[in-house]
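Chemist: No letters, just coordinates:
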């Protein structure tokens, strides 16, 4: 199973304070809009999403179809294939991708400790 690029999506209280903190750690803004309360920051292959007021807890995020530069991969496991495989293994889904569609879609699962894992395909 190929999950694609990995990042952590952090629920932050003040995006400006968090942006400065992560810049001090060597991260640079890679994508997003601070006016819309979200930024994706990058330090080499490490990606951190900063999200103010969008969700309650931090989320582990995987992006099938993308490398760490958000470039489309020629070959990748579609989000619906990953979802089907996890369902066959008995994994409970919190939300599901519509399996009758193609292209961008997402689903959410929880790990045994209640941490949210978002499988979010953009291509």
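Modeler: Ah, there it is. The structure presented is a predicted model; accordingly, all values stated were derived computationally and were not measured.
Chemist: Could you check how far the strand or helix carrying residue 21 is from the centre of its chain?
Modeler: Secondary structure assignment for residue 21, by DSSP states H and E: helix 15-24. Helix 15-24 sits 19 Å away from the centroid of its parent chain (CA atoms, centre = their mean, to the nearest Å).
Chemist: which residues of this protein fall in helices?
Modeler: For the chain, the helices defined by DSSP state H cover 15-24, 79-88.
Chemist: so can I have CSV of these showing mean neighbour count, distance to residue 68 and mean pLDDT?
Modeler: In this view, the C-beta of every residue, glycine as well, is placed from N, C-alpha and C. Output for the helices of the chain, formatted as CSV (neighbours: other CB atoms under 10 Å; distance: least, CB to CB, whole Å; pLDDT from 0 to 100):
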stretch, mean neighbour count, distance to residue 68, mean pLDDT
helix 15-24, 15, 16, 98
helix 79-88, 17, 18, 98
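Chemist: List the buried residues in stretch 41-48.
Modeler: Buried residues in stretch 41-48, defined by neighbour count with 16 or more other CB atoms under 10 Å: 41, 42, 47, 48.
Chemist: Compute the number of surrounding residues for the residue lying closest to residue 92 once chain neighbours are set aside.
Modeler: Once flanking residues are discounted, residue 92 sits nearest to residue 109: 7.0 Å by CB to CB, 6 or more residues apart in numbering. Counted with other CB atoms under 10 Å, residues neighbouring residue 109 total 20.
Chemist: got it, and residue 63?
Modeler: 24.
Chemist: which sections of this protein are below the confidence cut-off?
Modeler: Applying pLDDT under 70 to the chain picks out no residues at all.
Chemist: Show me where it has its strands.
Modeler: Ranges of strands in the chain, per DSSP state E, are 5-12, 28-33, 38-43, 46-52, 59-63, 93-95, 105-110, 116-121.
Chemist: so what secondary structure elements neighbour the shortest one?
Modeler: Using 3 or more CB pairs under 8 Å, 6 or more residues apart in numbering; DSSP states H and E as the contact criterion, the secondary-structure elements in contact with strand 93-95 are helix 79-88, strand 105-110.
Chemist: what's the answer for the longest one, then?
Modeler: With contacts defined as 3+ CB pairs under 8 Å, 6+ apart, strand 5-12 has these neighbours: strand 46-52, strand 59-63.
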